[in-house]
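Engineer: Below: sequence and its predicted model.
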Amino acid sequence: MSVWAVLAAAGSGERLGADRPKAFVRLGDRVLLAESLERLDASEWIDEIVVAAPPGWEEPAILVAEEIGCSKVSACVAGGPSRGESVRNALAEVPDDAAVVVVHDAARPFVDDEVIGRVVGALNEGWDGAVPVLPVSDTVKRVDGDRVVETLRRDELRAVQTPQAFVASVLREAMAGEDVSAASDCASLVEARGGRVKAVPGDSRLAKVTDATDLERAASLL
Ligand code: C5P
């Protein structure tokens, strides 16, 4: 059973205010991309990796992979204008005989083997996909402009992270639709087609780097 990882690293990172795409800002003495790439490469669960880099940054991404001695990166593609399109571009490089695809955000540097094992393990139980989740500590409301429309039941809500694992054929079908650019994660596309997705325990260390404060917090975890 071959397990492929798709690393979504093509975001612009506008909210970071850096002069380069988010995957190439510094985290410690390396670029952000290096942390998740090295961890996926070292994972006992992952066989091959496809990276979606910002258009024009494919070569630098390959150089990063070479510098840190990655042996599993089989392709680096140009991402698209949305996360969904970036994942779709990378998925095109995953061969038809792949059994499982693990999709991960490069913006979540501290991916580890335990959480990868939890999401991949759920597929062995017969699920179509699995996502790491955390309880939500804030109250979440639906709004229409300024007006609060509804307060959601917090005990039914979870914050969802990556890595997300899917049966490869299920993900491929879900990503073939027209709605990929609006999707904030891959699991939502699988769910929308009736796929069964398991929620497994996430990890606070998987928090996403979005702004400068997040980057400082990530650096403190190195
Ligand atoms: O923008 P955001 O932080 O939500 O992006 C989540 C992940 O998706 C990041 O790792 C980012 O690099 C990736 N992404 C992408 N292509 C895009 C937009 C985001 O690969 N067009």
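Structural biologist: Yep, that arrived.
Engineer: My read is that residue 4 contacts residue 167, right?
Structural biologist: No - using C-beta atoms under 8 Å, residue 4 makes no contact with residue 167, being 11.9 Å away. No exception for glycine: its C-beta is placed from N, CA and C like everyone else's.
Engineer: Settle it for me: which of those two has more neighbours?
Structural biologist: More crowded of residue 4 and residue 167, by other C-beta atoms under 10 Å: residue 4, with 23 against 19.
Engineer: any chance you could map the helices in the protein?
Structural biologist: For the chain, applying DSSP state H gives helices covering 32-42, 58-67, 83-91, 113-124, 168-174, 186-192, 212-220.
Engineer: Looking at those helices, spot the one closest to the ligand.
Structural biologist: helix 83-91 (3.3 Å; C-beta to the nearest ligand atom).
Engineer: Can I get that closest one in PDB, CA atoms only?
Structural biologist: Extracted as PDB, the C-alpha positions of helix 83-91 are listed here (Å, rounded to 0.1, in the frame of the first residue of the first chain):
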ATOM      1  CA  ARG A  83      -5.300  26.000  -1.800                       C
ATOM      2  CA  GLY A  84      -7.700  23.500  -3.500                       C
ATOM      3  CA  GLU A  85      -6.200  24.200  -6.900                       C
ATOM      4  CA  SER A  86      -2.700  23.800  -5.500                       C
ATOM      5  CA  VAL A  87      -3.700  20.400  -4.000                       C
ATOM      6  CA  ARG A  88      -5.300  19.400  -7.300                       C
ATOM      7  CA  ASN A  89      -2.200  20.300  -9.300                       C
ATOM      8  CA  ALA A  90       0.000  18.200  -6.900                       C
ATOM      9  CA  LEU A  91      -2.500  15.300  -7.000                       C
END
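Engineer: The residue of the chain positioned farthest from its centre pairs with what?
Structural biologist: Taking C-alpha atoms, centre = their mean, the residue of the chain most remote from its mean C-alpha position is residue 147, at 32.2 Å. Judged by DSSP bridges, the bridge partners of residue 147 are residue 144.
Engineer: when you give positions from now on, start the count at 53
Structural biologist: Sure thing, new numbering starts at 53, so read that last one as residue 199.
Engineer: per-residue confidence at it?
Structural biologist: At residue 199, the model reports a pLDDT of 98.
Engineer: how far away is it from residue 191?
Structural biologist: Note on residue 199: its distance to residue 191, by C-beta to C-beta, to the nearest Å, is 16 Å.
Engineer: how about the residues of this protein near the ligand?
Structural biologist: 60-63, 74-75, 104, 131-135, 138, 157-159, 260, 262 (C-beta under 6 Å from any ligand atom).
Engineer: quick one: the closest residue in space to residue 83 that isn't next to it in sequence and the ligand, what's the gap?
Structural biologist: Counting by C-beta to C-beta, 6 or more residues apart in numbering, residue 83 lies nearest to residue 76, which is 4.8 Å off, once chain neighbours are set aside. Distance of residue 76 to the ligand, computed by C-beta to the nearest ligand atom, to the nearest Å: 10 Å.
Engineer: Give me the spatial nearest neighbour of the closest residue to the ligand within the chain, chain neighbours excluded.
Structural biologist: Per C-beta to the nearest ligand atom, residue 63 is where the chain lies closest to the ligand, at 2.9 Å. Computed as C-beta to C-beta, 6+ apart, the closest residue to residue 63 that is not its neighbour in sequence is residue 74, at 5.1 Å.
Engineer: ok, now which ones touch residue 96?
Structural biologist: residue 165 (C-beta atoms under 8 Å, 6 or more residues apart in numbering).
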